[in-house]
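# Quick one, structure for this:
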Amino acid sequence: MTIKKYLQQFSKGQLIEQINELHKKYKDVKSYYSFFLNQDEEKTLKKYKAIIYESFYPKRGNKLSLSQARKALSDFKKLSPSPHYIADAMLYFVECGVIFTNDFGDIDEPFYNSMEGMFKDACIFIQKNGLEKLFKERCKKIMEDTSGVGWGFHDYLTDTYCQFFEDTE
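The predicted model follows:
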């Protein structure tokens, strides 16, 4: 049985009650509906940016958690905000990584692979959604801020930047 078929057996009132129960029990459902009820993409973006930042610079301890930052970004995307807010969050992830490596020195290859992958994904997303003019300078600054960082990080970001933005000069 599919979910659609399952739900068709209920009245409107029963469906409302089920959704209300899900809203009470599950944080993700509550976040989803809160986003659509409030329609404040800027406020929601700030909330998820704070989680991403906290993943790099935790208030307690000093344990970097890229998985927490990626989960926050994934959770934000699931809310289906406007594309420019998604691109903003993706670039913020990379910006936090660049600041982190500039603060603490060379990290390790998996860290840089994660940053490179997110930067490229952000560039693809930006291009796909026609947002190059809005984010070109920010992407350039990210690339420039990696000058002198090891593991080929700067070279990769430079190549990626040129691949997506050199035609927009």
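
# contacts and neighbour counts: CA atoms only from here.
Will do.

# I'd like the distance between Ile52 and Asn20.
29 Å (CA to CA, to the nearest Å).

# And these two? Which one has more around it.
Ile52 (27 against 13; other CA atoms under 10 Å).

# element containing the more buried one, please.
Per DSSP states H and E, Ile52 falls inside helix 41-56.

# Go ahead and flag the most central residue of this structure.
When the chain is reduced to its mean C-alpha position, the nearest residue by CA atoms, centre = their mean turns out to be Leu73, at 3.2 Å.

# can you map out the helices along this structure?
3-8, 12-25, 27-38, 41-56, 66-78, 83-104, 109-128, 132-144, 153-165 (DSSP state H).

# Adding mean pLDDT, write these out as TSV.
Converted to TSV, the helices of the chain look like this (pLDDT from 0 to 100):
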stretch	mean pLDDT
helix 3-8	87
helix 12-25	87
helix 27-38	78
helix 41-56	95
helix 66-78	95
helix 83-104	96
helix 109-128	96
helix 132-144	97
helix 153-165	96
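
# In contact with Val94, which residues are there?
Contact partners of Val94, counting by CA atoms under 8 Å, 6 or more residues apart in numbering, are Met115, Met118, Phe119, Ile142.
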